[in-house]
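Asks: sequence and predicted structure below; questions after.
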Amino acid sequence: MTKQETYQSEASYPLISGPASGHHLRPFSLPDATGQPVQLWHYLQRTNILLFFHHGLACDACRAILQELAAQADAYRREETVVLAIGPDQPVETQQLASHLALPFPLLSDPAAQILDQYELGSPLLIIADRWGEIWAAWSGGQEHRMPSDQDILEWLAFIEAQCPECTIREWSVAWDA
């Protein structure tokens, strides 16, 4: 079993779980790898959000998780979801990581960990939120970097999409047949 398969197979239950968690994403603006500001508001009401807080350039386990998220980026897009990765590196280091990994999603720089501190959970941290910013699930990976499997993430995203009648074709086809 590879290191990546180990962290996924040993993933714990989400710390936050369910449609009525009462937790919401807090607004932020952080520079991406090119130095341009990325605001959470730009994505809200348009797409679901998958936030990944990582340890940065020096952490091999976090880089493996980033690569796995990148490998699944098309599947996440099909579920109307954008991935945003937030790390403690300075913008220059974030740019190095982004160019090295060639990720299809923004890497954001938060050297003071202001955004992570708002959630009062340590990194690595994976959060799944709907397009209105309500958090449906969150996992803290701990020292072992235990994260949910790709399938678990996709199931959460499909579940979120199915809750919105305006967002799912299945709901529309039922309405048209009536």
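Replies: Sure thing, it's come through.
Asks: can you show me the strands along the protein?
Replies: Under the criterion DSSP state E, the chain contains strands at 16-17, 29-31, 37-39, 48-53, 81-87, 107-109, 125-129, 135-140.
Asks: looking at those, which is buried most?
Replies: Of all the strands of the chain, strand 107-109 carries the top mean neighbour count, a mean of 27, counting by mean count of other CB atoms under 10 Å. Heads up, the C-betas are built off the backbone N, CA and C, glycines and all.
Asks: looking at the strands of the chain, which is nearest to Ala70?
Replies: strand 81-87 (8.0 Å; CB to CB).
Asks: for the nearest residue to Gly133 once chain neighbours are set aside, what are its contacts?
Replies: Leaving aside its chain neighbours, Gly133 sits nearest to Leu25 (4.2 Å; criterion: CB to CB, 6 or more residues apart in numbering). For Leu25, the contact set (CB atoms under 8 Å, 6 or more residues apart in numbering) comprises 40, 44, 49, 51, 127, 129, 133, 135.
Asks: which one is the last one nearest to, not counting chain neighbours?
Replies: Nearest residue to Ile135 in three dimensions, chain neighbours excluded: His23, at 4.1 Å (CB to CB, 6+ apart).
Asks: do the same with the fourth one
Replies: Nearest residue to Leu51, sequence neighbours excluded (CB to CB, 6+ apart): Ile127, at 4.3 Å.
Asks: residue contacts, the one you found?
Replies: Here Ile127 is in contact with 16, 25, 49-53, 119, 135, 137-138 (CB under 8 Å, 6+ apart).
Asks: repeat that for Tyr76.
Replies: Per CB under 8 Å, 6+ apart, neighbours of Tyr76: 50, 69, 82-83, 153-154, 157.
Asks: returning to that earlier point: I'd assumed Ala137 was in contact with the residue nearest to Ile135.
Replies: No: His23 is not in contact with Ala137 according to CB atoms under 8 Å; the separation is 10.0 Å.
Asks: now Gln67, nearest residue through space, not along the chain?
Replies: Closest to Gln67 by CB to CB, 6+ apart is Leu101, at 6.3 Å.
Asks: which residues of this protein fall in helices?
Replies: 3-9, 60-71, 73-78, 91-101, 114-118, 150-162, 169-177 (DSSP state H).
Asks: can I get these in TSV with mean pLDDT and distance to Asp32?
Replies: As requested, the helices of the chain are exported to TSV (pLDDT from 0 to 100; distance: least, CB to CB, whole Å):
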stretch	mean pLDDT	distance to Asp32
helix 3-9	40	25
helix 60-71	94	14
helix 73-78	94	16
helix 91-101	85	7
helix 114-118	88	14
helix 150-162	90	22
helix 169-177	48	32
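Asks: ok, which of these comes nearest Ala33?
Replies: Once these are compared by CB to CB, helix 91-101 is nearest, at 3.6 Å.
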